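Student: quick one: sequence plus predicted model below, questions after.
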2 protein chains.
Amino acid sequence: MSVQSWRGAAAEIEAPRLYSIGDLAGEFALSARAIRFYEDHGLLSPQRIGGNRVYGARDRARLQLILRGKRLGFALADIKELLDLYDVDPDHLEQLRATLAKGRERIAELERQQQEIALTLRELRDIGAHIEERIRQKEATPRAGGRKGTAP
Amino acid sequence: MSVQSWRGAAAEIEAPRLYSIGDLAGEFALSARAIRFYEDHGLLSPQRIGGNRVYGARDRARLQLILRGKRLGFALADIKELLDLYDVDPDHLEQLRATLAKGRERIAELERQQQEIALTLRELRDIGAHIEERIRQKEATPRAGGRKGTAP
DNA sequence: GACTTGCCTTACGTTAACGTCAACGAATTA
DNA sequence: TAATTCGTTGACGTTAACGTAAGGCAAGTC
């Protein structure tokens, strides 16, 4: 049963949508084990209702960020730092500065990554163009010799 | 001793630069163990001179690609596939087509990754701007309350 | 009342990507 | 000649990020 049913049908007030661990696991196509794992490592901290985990919009958003971070190849520890950037205490000046600094590091790293992706894309497209041409050659004149592939 | 010394000083003909495992390890700041590991998994295949590994320009270039792939968060198995795109047999039409297809997949994946990085960068810059403003506030009027950070 | 479903915790297993250590050989260097 | 300095091959250890299995509670279903 979806967690939402627990809230009864007094749907006059805005009901901030809630999710069970199974809901999120299904929606994002990962295992409940993984979600619990993220919690164990401090990336999520859902409420509890009688032992059961209950996730709100904030948790859901954080989970999305986690998955995006993973797709970008970051380790969970890094992703945790990234998530921490979101809930800095706006009253503590030193923490604000520290967060800003960390944020800039992440930005720099992502920009570097951007460059490397762009470079890799150029190379792949180049290879692709060569291969396409080679294919056209072979299709035009089926039994002929050919030059070697692009180095290396 | 650098492998290069083995080639004597008959430097009239162009000597294609060679490297020992230590050379590459030093240059790219990784361990010799890692380099051997890559070889064990088919990502490198240096020559041998009396049991010792000897790397040429091609091996060096492949190693660079490996490291770049790692920085982009790819697994070694994926990187191996990527490397294989470079030395496709230009005479085998089917292999050409298959390579082209794989290449396009990688391109698509990298483009998706590009989008996600761009998105993350926008968010981080946004957070950064908020934090900077908050810092200016606190610097201007040291003891005042403040709004909360950017959700989530 | 038995069964299924969904969640819980605990604990051990697994894979990737190396690190570390041992024991050895070949080549310089003192 | 002895001691370093690279390099070699095993073999075992380690960390991250989960998977998998065992056993149990609570609620709904047949």
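Tutor: Arrived safely, thanks for sending. Please read these numbers as outputs of a predicted model, since none were measured by experiment.
Student: is the lengthiest helix in chain A anywhere near chain B?
Tutor: Longest helix of chain A, by residue count under DSSP state H: helix A:93-140. Yes - for helix A:93-140 and chain B, the contact criterion (C-beta under 8 Å from any C-beta of the partner chain) is met by A:93, A:96-97, A:99-100, A:103-104, A:106-107, A:110-114, A:116-121, A:124-125, A:127-128, A:131-132, A:134-135, A:138-139. Where you see a C-beta, it was placed from the backbone N, CA and C, and this is true even at glycine.
Student: now do stretch A:71-82
Tutor: Yes - using C-beta under 8 Å from any C-beta, stretch A:71-82 comes into contact with chain B via A:71-74.
Student: how about these, which pair is most distant?
Tutor: A:R71 and A:F74 (8.9 Å; C-beta to C-beta).
Student: who touches both of these two?
Tutor: Between them, A:R71 and A:F74 share these contacting residues under C-beta atoms under 8 Å, 6 or more residues apart in numbering or on different chains: B:G73.
Student: give me the number of residues near the residue of chain A found nearest chain B?
Tutor: Proximity of chain A to chain B (C-beta to the nearest C-beta) peaks at A:G73, 1.3 Å away. A count of nearby residues for A:G73, using other C-beta atoms under 10 Å in any protein chain shown, gives 16.
Student: and what of A:A57?
Tutor: Around A:A57 there are 13 other residues, counting by other C-beta under 10 Å.
Student: distance of A:G128 from DNA strand C?
Tutor: From A:G128 over to DNA strand C the distance is 24 Å, taken as C-beta to the nearest atom of the strand, to the nearest Å.
Student: which parts of chain A sit against DNA strand D?
Tutor: For chain A, the contact set with DNA strand D under C-beta under 7 Å from any atom of the strand comprises A:1, A:30-31, A:33-34, A:37, A:41, A:50, A:70, A:75-77.
Student: show me where chain A dips below the pLDDT cut-off.
Tutor: Applying pLDDT under 70 to chain A picks out residues A:1-13, A:143-152.
Student: from the centroid of it, which residue is nearest?
Tutor: With distances taken as C-alpha atoms, centre = their mean, the residue of chain A nearest its centroid is A:R68 (0.8 Å).
Student: for that residue, which three-state class applies?
Tutor: Following DSSP: H, G, I helix; E, B strand; the rest coil, we place A:R68 in the helix state.
Student: leaving out chain neighbours, which residue sits closest to it?
Tutor: With sequence-adjacent residues excluded and distances taken as C-beta to C-beta, 6 or more residues apart in numbering or on different chains, A:R68 is closest to B:E116, at 5.5 Å.
Student: mind listing what the one you found touches?
Tutor: A:68, A:71-72.
Student: am I right that the residue of chain A closest to chain B sits in a helix?
Tutor: No - using three-state DSSP, the assignment for A:G73 is coil, not a helix.
Student: once you drop chain neighbours, what's closest to it?
Tutor: B:G73 (1.3 Å).
Student: and that neighbour, how far from DNA strand C?
Tutor: Applying C-beta to the nearest atom of the strand to B:G73 and DNA strand C gives a distance of 10 Å.
Student: how about chain A: which residue is closest to DNA strand C?
Tutor: In chain A, the residue that lies nearest DNA strand C is A:G22 (2.6 Å; C-beta to the nearest atom of the strand).
Student: hang on, isn't that residue packed against A:R33?
Tutor: No - judged on C-beta atoms under 8 Å, A:G22 makes no contact with A:R33 at a distance of 11.8 Å.
Student: more neighbours: which of those two?
Tutor: Neighbour count, other C-beta under 10 Å: between A:G22 and A:R33, A:G22 has more, with 14 against 10.
Student: now that one. Nearest residue, chain neighbours left out?
Tutor: Using C-beta to C-beta, 6+ apart and skipping the chain neighbours, the partner closest in space to A:G22 is A:A32 (6.4 Å).
Student: and for A:K70?
Tutor: Spatial nearest neighbour of A:K70, chain neighbours left out: A:I79 (7.1 Å); criterion: C-beta to C-beta, 6+ apart.
Student: how about the contacts made by the one you found?
Tutor: A:43, A:65-66, A:69-70.
Student: so which of the contacts of B:E116 comes closest to A:D87?
Tutor: Using C-beta to C-beta, the contacts of B:E116 come closest to A:D87 at A:R68, 17.3 Å.
Student: what is the burial count for A:N52?
Tutor: Neighbour count of A:N52, defined by other C-beta under 10 Å: 12.
Student: equivalent analysis for the one 10 residues further on, please.
Tutor: Using other C-beta under 10 Å, A:R62 is surrounded by 21 other residues.
Student: SS state for it?
Tutor: Under three-state DSSP, A:R62 falls in the helix class.
Student: doesn't A:P46 make contact with it?
Tutor: No - counting by C-beta under 8 Å, A:R62 sits too far from A:P46 to count as a contact (9.8 Å).
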